[in-house]
Structures are given as C-alpha cells and as structure tokens.
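J.: The sequence isn't on hand, but the structure is:
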C-alpha cells in the first residue's frame, strides 16, 4: 500500500514539474531555435543539434518558471491559469525555484561550454528579459508586447550563433521575421483572452479601447512587415527562391486574416488570426529548411 501511495505521489509531482515547463510552448521555441542552428550549419551534426535542443528547452522552461513564480497570485484570478502548478498548490514556490534554477544551469552549461559565449549570453539575456522585464510589464500596458517580442524572437538567432559563433545579417533577419510575427501573434491571443486577462490587470492590446478597429489596424501594420522580410533570406543566399514564394503566400494569407479582423472586429476573427499565427511561423521556417537542404 505504501509503495502504491509513494508511486502516486511521485507521478503527481512529476506531472506538476512537467506542466510548469509549459512543454508545448517550450517545444515550439526549441523548434525555432533548432531551425536557426540548422540553417547556419554547413554540415549538420545531429549530436550537436540534440544538445542545443536540450539547452533551448531548459532556457525556455526556466524563463516560464520565473514567469509563473512572479504571477502565481495573478494566475489564481484567471480561468485559463488557475490550475497551473503554483496557483493550484501542486508545487511550492521553493520547489519551482529549485527546478527552474536547475534547468537554467543545464542550459547555461551546454551553451557556454559546448557551443560558445555569444550563444550563452544571448540565452541568458532572453531569460532575464522574459522573466524579469516582460512579466511585470504585462500590467503596465502594450509596451510589454514589444519587450516580450525580443526574447520571443531570439531563438533562431541563438541557434544561428550557437552553430556559427558570429553575428551578422543572417541571424539578424531570422530575428526580424520572428520579431514582427510576435505582434499579430501576441495581440490575437490578447484579443481572444481579453476578458480573462482583465481579471489580472493585464493590458496587452495596442489600443486603449481594447478590442476595437484601432487595435485591428495596428495588428495589420505589423503583419505587413513580414512580406518584404520573407524574401531577404533568398537575397542573402541563405535559402533558395522556392521558400521565398511559399513565405510570401503564407504572408499574404496571414495579412488577409488581419483585414478580416478589421472588417469584423470580433472575437471569432481574432481567434482565426491566432490560429493563423500558429501555422504561419512553422510553415515558413520548414520551407526555409527544406529549401536549404
């Protein structure tokens, strides 16, 4: 009986530690970072790719844990977050902090010692910006989205720098594409969850009026930037022309969704845009990868 109880407690805690990493979100970040790593590699070393993915996941999970520790009391106020490990009591702050510190140390060790100092410093900056700057700014105003877009756009740049050990136009354009994508992505989510966010005092939509035409127009403006940016990897000879065509088609469809939001100005259109943002980035990045191969 005691053995069964111990096993149940272990499984309960293991599930809580798994949940606090925000595994699905962290996995998308890992993919984006691996994309940058592979794009920069003349010859793919899959052992290095796996090591980098472990570091990328650990960095992202640690940042997510910092975010959840700071927002533990606010998470209790929102329906979508009230069952997270900290507000639900499945983990203590001490347990979460120790786990987050452990993950951060794994990430930093791999990046600094298996790759290079530049990649390690970028990942550290990303973690600090997300956990300690973006998180408290969410209650201040939409400036939080601009700040959050920086660590959100770092993964492909970190991947490139980890593989190539240098900065330049190439990692810069990978950063820029993901940076401008963040705005329609974040704001579509903020639109869909506006009522829930308001319970915690989060103010993320770009217009002071919230879910209105002005917010929809600003979402559209940032999406427009993706159209010229998607061709630059081809001009820099990072990929071929086929991925530029695919990225343009995806960008036009993504932009069309913002016009639809401008016409409807409702939650359904914002939800469609949110799902469109989930599809856009991985499709474009996969197109770049296949075109490079």
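T.: Nice, thanks for sending it over. Given the structure is predicted, the values throughout are model-derived calculations rather than measurements.
J.: How about the contacts made by residue 220?
T.: Under the criterion of C-beta atoms under 8 Å, 6 or more residues apart in numbering, the contact list for residue 220 reads 184, 255, 258-259, 261-262. In this view, the C-beta of every residue, glycine as well, is placed from N, C-alpha and C.
J.: if we go to 7 Å?
T.: The contact partners of residue 220, by C-beta atoms under 7 Å, 6 or more residues apart in numbering, come to 255, 258-259, 262.
J.: Among the residues you listed, which are located in helices?
T.: Members of the contacts of residue 220 lying in helices (criterion: DSSP state H): 255, 258-259, 262.
J.: Let's see if you can find the most crowded of the residues you listed.
T.: Neighbour counts for the ones in helices among the contacts of residue 220 (other C-beta atoms under 10 Å) peak at residue 258, which has 24 neighbours.
J.: Excluding residues flanking it in the chain, which one is nearest that residue?
T.: Once flanking residues are discounted, residue 258 sits nearest to residue 220: 3.9 Å by C-beta to C-beta, 6 or more residues apart in numbering.
J.: Does the one you found lie in a helix or a strand, and which?
T.: In the assignment (DSSP states H and E), residue 220 maps to helix 213-224.
J.: What about residue 290, how many residues nearby?
T.: Using other C-beta under 10 Å, residue 290 has 13 other residues around it.
J.: Return the distance of it relative to residue 38.
T.: As defined by C-beta to C-beta, to the nearest Å, residue 290 lies at a distance of 11 Å from residue 38.
J.: quick revisit: including pLDDT, could the ones in helices among the contacts of residue 220 go into a markdown table?
T.: Formatted as a markdown table, those follow (pLDDT from 0 to 100):
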| residue | pLDDT |
| --- | --- |
| 255 | 97 |
| 258 | 97 |
| 259 | 97 |
| 262 | 96 |
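J.: and those as TSV, adding distance to residue 114?
T.: Shown next, in TSV, are the ones in helices among the contacts of residue 220 (distance: C-beta to C-beta, whole Å):
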residue	distance to residue 114
255	40
258	41
259	46
262	47
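J.: Nearest to residue 101 among those residues?
T.: Minimum distance to residue 101 across the ones in helices among the contacts of residue 220 is 40.4 Å, recorded for residue 258 (C-beta to C-beta).
J.: so the closest one touches residue 273, yeah?
T.: Yes. Contact criterion C-beta atoms under 7 Å: residue 258 and residue 273 qualify, at 6.4 Å.
J.: what sits in contact with each of the two?
T.: By C-beta under 7 Å, 6+ apart, the residues touching both residue 258 and residue 273 are residue 184.
J.: for the stretch 151-293 of the chain, which spans come out with low pLDDT?
T.: By pLDDT under 70, the weakly predicted segments of the stretch 151-293 of the chain are 293.
J.: Would you map the helices across it?
T.: Assigned by DSSP state H, counting those that start in this stretch, the stretch 151-293 of the chain shows helices spanning 169-192, 194-199, 213-224, 226-229, 232-235, 241-264, 267-292.
J.: Pull the contacting residues for the closest residue to residue 272 other than its chain neighbours.
T.: Leaving out its chain neighbours, the residue that sits closest to residue 272 by C-beta to C-beta, 6+ apart is residue 257, at 5.9 Å. Under the criterion of C-beta under 7 Å, 6+ apart, the neighbours of residue 257 are 272-273, 276.
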